[in-house]
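Here is a sequence together with a model predicted from it:
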Amino acid sequence: MARPRVADDELLQINGRSARIHLYTAGFGALTKGQVDALEDKITDYGGILVETEKEADIIIVQYVGLELLRRKYWDSRTVWVEEPAFIEICIKSGKCEDNLQKPVRRGMGGQPTGRTRVPFTAEDDRHLAEYLASVTPNADEGGRGGIEIYKRLVASRSIHQFDHREWADRHTMWSWRERYNKRKQIFDPIIEQLVAENPPRQDEKGLYERSRLRQGRRFGPNREGELEEEGDGNAAQEQAEDGAGNQQAEGPAPRQRQSEPVDSPRRDNEDMDTPPHKRARHMGAHQRRASSVEHARGRQQSRSPSYVAPEGAIPFEVSSAEEDDDMEYADQTLYTSEHEYVLSPLCIAGRTINLTSVPQRKPPVRQRSARA
């Protein structure tokens, strides 16, 4: 059946009345004068009403570049829609107005997803839990039911090993199974005892939880009497050792040995003990290192500082005439640096106080500038 065509003057309607439309002409995304003239004729021809302000409008027409910005302004409004100029043409071609309005898009919330909801325990879950505990921990005195290990293995047997006979273990976590037993221990224990009486464990303890509170790190077996005898012998030896220690305390403490006194070592008393081998050198058989040519040259050089030994009874800082001549000759030696000559200080060389004014000094030559023509 064909849909009846809507009259032209009743097309632009919202909630059974003519839609109030505002043409956005001020701000970012404003319409041009040509767009305003073309839209005014179409709006009035198809039943719309033009309004001057945004507050009076049901629909605001804005260019595409300013569409998103103006929609953010009215994102929480329930009566105002922001559309682009093509909206009027789409309504005319489709013959519908309200169906073409922009619909809000619902998106997921960011962040960490929430966990699964809590699954309630059922009577079947309690029955499975009681059967499992009766199978792996038949004796409550041995412990293990209140820990987390057996419940961890219960969940792992299904999640890791994919045991089909324990599909029920996926319904809860290992912490939930443990908490279920600990909070309802008075109810579970009698049921477990009845299940153990109907199906007792094997004599070789096959299929039981390997840890037990009654064993304390020792496995009880048929040779229990022999172990008790060994324990008795050990206790007797321990008692003798304790008696000897008590007698030693009664006699009094041993005299304290001084640090300077040598300590008696059993290794010194034992003469038959072989002496340890001497430590081997790190570089045994290595060739002797040869001195370099630079080191040989340094070894042949003689010290330029003359050694002076004062005779007995001499006055300090007294210098003989012969030694003074030697020192003065030594002071005349020059040190060449760059282009100038500098006289070595006799005070630094001979190590004695000498008047420097008596040493002839040579001044560097002075360059004379040529006279300009």
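Received the coordinates, thanks.

Where do the helices of this structure begin and end?
Ranges of helices in the chain, per DSSP state H, are 33-45, 67-73, 86-94, 123-136, 149-159, 174-183, 185-198, 224-251, 266-269, 293-300, 321-331, 346-350.

gap between G146 and G47?
Per Cβ to Cβ, to the nearest Å, G146 is found 78 Å from G47. From N, CA and C alone the C-beta is placed, and that goes for glycine too.

Between the two, which has more neighbouring residues?
Under the neighbour definition other Cβ atoms under 10 Å, G146 and G47 were set side by side, and G47 has more, 18 against 12.

Please state the backbone phi and psi of that one?
phi 90, psi 10 (degrees, to the nearest 10).

List the contacts of it.
A7, D8, D9, E10, L11, L12, Q13, S18, A19 (Cβ atoms under 8 Å, 6 or more residues apart in numbering).

quick one: which of those is most hemmed in?
Ranking the contacts of G47 using other Cβ under 10 Å puts L12 first, with 26 neighbours.

For it, which residues are in contact?
S18, A19, I21, I43, Y46, G47, G48, I88, C91, C97 are the contacts of L12 under Cβ under 8 Å, 6+ apart.

can we see that at 6 Å?
L12 makes contacts with A19, Y46, G47, G48, C97, as judged by Cβ atoms under 6 Å, 6 or more residues apart in numbering.

what's the closest non-adjacent residue to it?
Leaving aside its chain neighbours, L12 sits nearest to G48 (3.7 Å; criterion: Cβ to Cβ, 6 or more residues apart in numbering).

From R166, how far off is that neighbour?
69 Å.

the more surrounded of those two?
G48 (25 against 16).

now the stretch 251-373 of the chain, which segments are flagged as low pLDDT?
Low-confidence segments of the stretch 251-373 of the chain (pLDDT under 70): 251-289, 296-297, 299-373.

Domain-wise, how is the protein divided?
8-100, 123-198 (automatic domain parsing).

got a markdown table for the ones you listed, with distance to R106 and mean pLDDT too?
A markdown table is the format used below for the domains of the chain (distance: least, Cβ to Cβ, whole Å; pLDDT from 0 to 100):
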| stretch | distance to R106 | mean pLDDT |
| --- | --- | --- |
| domain 8-100 | 13 | 91 |
| domain 123-198 | 32 | 88 |
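
Which of those sits closest to R213?
Closest to R213 of these is domain 123-198 (Cβ to Cβ; 3.9 Å).

First-to-last residue distance for the closest one?
End-to-end distance of domain 123-198: 20 Å, with Cα to Cα, to the nearest Å as the criterion.

Equivalent analysis for stretch 18-38, please.
Start-to-end, stretch 18-38 (Cα to Cα) is 19 Å.

Enumerate the positions of it that are buried.
For stretch 18-38, a neighbour-count test (16 or more other Cβ atoms under 10 Å) marks S18, A19, R20, I21, H22, L23, Y24, G29, L31, V36 as buried.

Closest to T137 out of these?
Closest approach to T137 among these (Cβ to Cβ): G29, at 74.3 Å.

Am I right that that closest one is in contact with V65?
Yes: G29 lies in contact with V65 (Cβ atoms under 6 Å); the separation is 5.1 Å.

picking that back up, can you tell me which of the contacts of G47 are in strands?
In this view, the contacts of G47 that belong to strands under DSSP state E are Q13, S18.

Tabulate the contacts of G47 (TSV), appending distance to A140.
Below are those laid out as TSV (distance: Cβ to Cβ, whole Å):
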residue	distance to A140
A7	86
D8	88
D9	88
E10	83
L11	82
L12	81
Q13	79
S18	82
A19	78
